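Chemist: sequence first, predicted coordinates after that:
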Number of protein chains: 2
Amino acid sequence: MTDRARIYTAALVVIGDEILSGRTHDKNIAQIASWLQVQGIRLTEVRVVADDMPAIIAAVNALRTAHDYLFTTGGIGPTHDDITVDAVAEALGVPVVIHPEAHAMLAAYYEHRDGGLNEARLRMARVPEGAELIPNHMSGAPGIRHGNVHLMAGVPAITAQMLDALTGTLEGGAVLLSDTVGGWIRESEVAGLLRQTEKDHEGCQIGSYPFFREGRTGANFVIRSTDSAMLAACLDALCEGLAAQELDFTRGGI
Amino acid sequence: MTDRARIYTAALVVIGDEILSGRTHDKNIAQIASWLQVQGIRLTEVRVVADDMPAIIAAVNALRTAHDYLFTTGGIGPTHDDITVDAVAEALGVPVVIHPEAHAMLAAYYEHRDGGLNEARLRMARVPEGAELIPNHMSGAPGIRHGNVHLMAGVPAITAQMLDALTGTLEGGAVLLSDTVGGWIRESEVAGLLRQTEKDHEGCQIGSYPFFREGRTGANFVIRSTDSAMLAACLDALCEGLAAQELDFTRGGI
């Protein structure tokens, strides 16, 4: 399933007024990013859009052909503001149909629950024609896969279940490895060192992430590479450089 | 400064490999969204892009003309991976220059600090030509404003300082008000009620946000409107509808 030399990319469309209003802090970006990294796939762009048909359609169409994989989160529930299936179907140019297997899953799930499989719940069996289901053991309502487009839930715990079901099924490349070193260091003290160390180690990128905690300034430096030997050499060189500047640092970051 | 009838929109470009790798959970989207809401401005699109010149330039150019305001976060520090100023300058078609006031601010800030105003720190005085500064009392390095484009820090606490400095300076419209009611309710039980209540109250939107906590299913229903009387009427109607279905609910949400 894996071509180590190729870089596989993914994009994510986060759908939801609740993220754009600031009411809800998104957790799906980090969750999906971390999961993709383990699959050997790099998340390279995210768009957050409102519960708005034209906005969702535009984002899906801009990203699904530019990347190996597209994920969406949100808008696949039973209420009137859940319009992701309709928008993605329109983007793909296919009709919305009831998926028989999803229908059966929801019927079984709601059989002994108050209200049974009502009209609203049946909405969650609607898919763009030609789609497969992504199982979700938590709520009964499945995720949806259509070609390279994956529709996941807005609730992070449900999306976690769907990602679990997808694990190992997507073709990826070499996994991007990372290692961190950090300390109570102002990044402006070591900017030259970081730049030179990255330059000296082809195939490695160094990111500098400053923070303010306990009234003090610090930074973590994250080295990324698909090659573990190159990563280790770059890390050693950076640690030597920090030691040469008589700076205290901790491998693994602080 | 305010035209209540007009809807003012903003977009945000979050710049940083650390968000796309899943290493860092973004906090700026929610922070900026909440702040904009109080200014009478709606955040309608967010893009998260890598520390990559073409990606930043493309996002900035796609969004700055489509919205009243564009914000960026990240990439304005002193290290080699901080390329936001260069990318925005290229997007705007202007050169990068040293801003004399930023230079003076940084010189004062670093005067009594180890290393003084070194070459890396001086990078933080670079701006797209024609820019104004957005003060930041925490780290000395200012944010940058050029026309409708606002460059903010990646560290949320620093961005908070910059937002504070901008408060009241941007032209906005009527503030979008919201009220919430929630309970241990499955949203699929009340989908019909939500849809009908929204339909009956023009100018109000109802969002349904399910969650799983303590092994139970619940949902919050958020009503949004720019008109406080319409908002109150819609909230009352929704509460009556929930009571008619003999559901327990809490005003303010749970």
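Modeler: Structure received.
Chemist: isn't residue A:195 right up against residue B:80?
Modeler: Yes - judged on C-beta atoms under 8 Å, residue A:195 makes contact with residue B:80 at a distance of 3.9 Å. Any C-beta I mention is one placed from the backbone N, CA and C, and that applies to glycine too.
Chemist: now the helices for chain A?
Modeler: For chain A, the helices defined by DSSP state H occupy A:17-20, A:28-38, A:53-64, A:84-92, A:100-110, A:119-122, A:156-166, A:191-200, A:228-244.
Chemist: which among those helices is found nearest to residue B:218?
Modeler: Residue B:218 lies closest, by C-beta to C-beta, to one member of the helices of chain A: helix A:156-166, at 12.9 Å.
Chemist: contact residues of the stretch 51-200 of chain A facing chain B?
Modeler: A:51, A:55, A:77-82, A:114-115, A:118-121, A:123-124, A:138-139, A:154-155, A:157-158, A:176, A:178, A:186-189, A:191-192, A:194-195, A:198 (C-beta under 8 Å from any C-beta of the partner chain).
Chemist: mark which of those residues are buried, thanks.
Modeler: A:51, A:55, A:77-82, A:120-121, A:123-124, A:138-139, A:154-155, A:158, A:176, A:178, A:186-189, A:191-192, A:194-195, A:198 (16 or more other C-beta atoms under 10 Å in any protein chain shown).
Chemist: contacts only, for the spatially closest residue to residue A:33 that is not a sequence neighbour.
Modeler: If the residues on either side of it in the chain are set aside, residue A:33 comes closest to residue B:22, at 3.3 Å by C-beta to C-beta, 6 or more residues apart in numbering or on different chains. Contact analysis of residue B:22 by C-beta atoms under 8 Å, 6 or more residues apart in numbering or on different chains lists A:29-37, A:43.
Chemist: now the residues you listed as CSV including pLDDT, distance to residue A:212 and neighbour count?
Modeler: Shown next, in CSV, are those (pLDDT from 0 to 100; distance: C-beta to C-beta, whole Å; neighbours: other C-beta atoms under 10 Å in any protein chain shown):
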residue, pLDDT, distance to residue A:212, neighbour count
A:29, 97, 23, 25
A:30, 97, 21, 20
A:31, 97, 26, 19
A:32, 98, 28, 25
A:33, 97, 24, 24
A:34, 95, 24, 14
A:35, 96, 29, 20
A:36, 97, 30, 26
A:37, 93, 27, 21
A:43, 97, 27, 27
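Chemist: among those, which pair sits farthest apart?
Modeler: Farthest pair in the contacts of residue B:22, by C-beta to C-beta: A:29 and A:37, 12.5 Å.
Chemist: distance of the residue positioned nearest the centre of chain A from residue A:244?
Modeler: The structure's chain A has its C-alpha centroid closest to residue A:32; by C-alpha atoms, centre = their mean the separation is 2.5 Å. Distance check for residue A:32 against residue A:244: by C-beta to C-beta, to the nearest Å, it reads 39 Å.
Chemist: go on, residue A:68?
Modeler: For residue A:68 relative to residue A:244 (C-beta to C-beta), the value is 42 Å.
Chemist: swap in residue A:214?
Modeler: 27 Å.
Chemist: of the two, which one has the most company?
Modeler: Taking other C-beta atoms under 10 Å in any protein chain shown, residue A:214 and residue A:244 do not tie; residue A:244 has more neighbours (9 against 6).
Chemist: tally of neighbours for the nearest residue to residue A:56 once chain neighbours are set aside?
Modeler: Spatial nearest neighbour of residue A:56, chain neighbours left out: residue A:87 (3.7 Å); criterion: C-beta to C-beta, 6+ apart. The tally of other residues near residue A:87 (other C-beta under 10 Å) stands at 26.
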